[in-house]
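Student: Sequence and predicted structure below; questions after.
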Amino acid sequence: MRKVILYIAQSLDGKIARMNGDVDWLDKVHSVENEDYGYASFYESIDTTLMGNRTYEKILSFGIEFPYAGKENYVFSQQKGKHDTEHVKFIGDELTSFVREIKQEEGKNIWLVGGSEINTLLFNAGLIDEIYLFTMPITVGEGIPLFAGRLTERQLKLAEVSTYTSGVICKKYVMKKD
């Protein structure tokens, strides 16, 4: 079975973006040359991405080529009139059923890109298998939290901790099965 992996950065105060969705604060974190925090290896391990519409729209606003071309990309949106594009397919209903189905398909792992509402929905449904949480040494103040709303109580196992000279800490959590 494929795994759904939440691979995401947050500020020290638990924000994944500013209130307007900007992640410009990520560029303020000192980066060591040629340090990708394991991103290239992780990216090779997935063939599918999941994201919310606001996350997708923010990515488009960067004015760059779509960064996940060549992967199967699904955007969850309740907005009517969304049409599939060259790079993404829009999913409007039955999000948890859809994710359960694609987890059963053949393929590599699935990257849950975010945002906070989808993170919460999939977490509460028990559909996230692993979390790679990169805590950046910066505070944002007001912003969008890692999870929106109330979470189901769930035990996680800390599987790995990686520290970087930039001050970034990555904690890998694995969901404990009931």
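Tutor: That came through fine.
Student: give me the low-pLDDT residue ranges for this structure?
Tutor: Residue ranges of the chain with pLDDT under 70: 178.
Student: Find the residue at the geometric middle of this protein.
Tutor: V113 (2.5 Å; Cα atoms, centre = their mean).
Student: Could you measure from that one over to V88?
Tutor: 11 Å (Cβ to Cβ, to the nearest Å). The way it works is simple: take the backbone N, C-alpha and C, and place the C-beta from them, glycine included.
Student: And T49, by the same measure?
Tutor: Counting by Cβ to Cβ, the gap from T49 to V88 is 9 Å.
Student: give me every residue that touches A17.
Tutor: V23, K58, G115, G143, I144 (Cβ atoms under 8 Å, 6 or more residues apart in numbering).
Student: ranges for the strands of the protein?
Tutor: For the chain, the strands defined by DSSP state E cover 4-11, 15-17, 46-52, 72-76, 88-91, 109-114, 130-136, 144-145, 156-163, 169-175.
Student: Give me the residues contacting the third one.
Tutor: Here strand 46-52 makes contact (Cβ under 8 Å, 6+ apart) with 2, 4-5, 59, 68, 71-77, 99, 102, 107-115, 117-118, 122.
Student: Can you list the strands that that strand pairs with?
Tutor: strand 72-76 (parallel), strand 109-114 (parallel) (DSSP bridges).
Student: can you give me the angle it makes with strand 4-11?
Tutor: Interaxial angle of strand 46-52 relative to strand 4-11 (axes from the mean of the first three to the mean of the last three Cα atoms, to 10 degrees): 60 degrees.
Student: again, but for the last one
Tutor: Here the directions of strand 169-175 and strand 4-11 differ by 150 degrees (the same axes, to 10 degrees).
Student: Not counting strand 169-175 itself, show me its contacts.
Tutor: Against strand 169-175 from outside (Cβ under 8 Å, 6+ apart): 37-38, 126, 128-135, 154, 156-164.
Student: redo that, cut-off 7 Å
Tutor: The contact list for strand 169-175 (Cβ atoms under 7 Å, 6 or more residues apart in numbering) reads 37, 128-135, 154, 156-163.
Student: in that strand, what counts as buried?
Tutor: By 16 or more other Cβ atoms under 10 Å, the buried positions in strand 169-175 come out as C170, K171, K172, Y173, M175.
Student: now do the fourth one
Tutor: By 16+ other Cβ under 10 Å, the buried positions in strand 72-76 come out as E72, N73, Y74, V75, F76.
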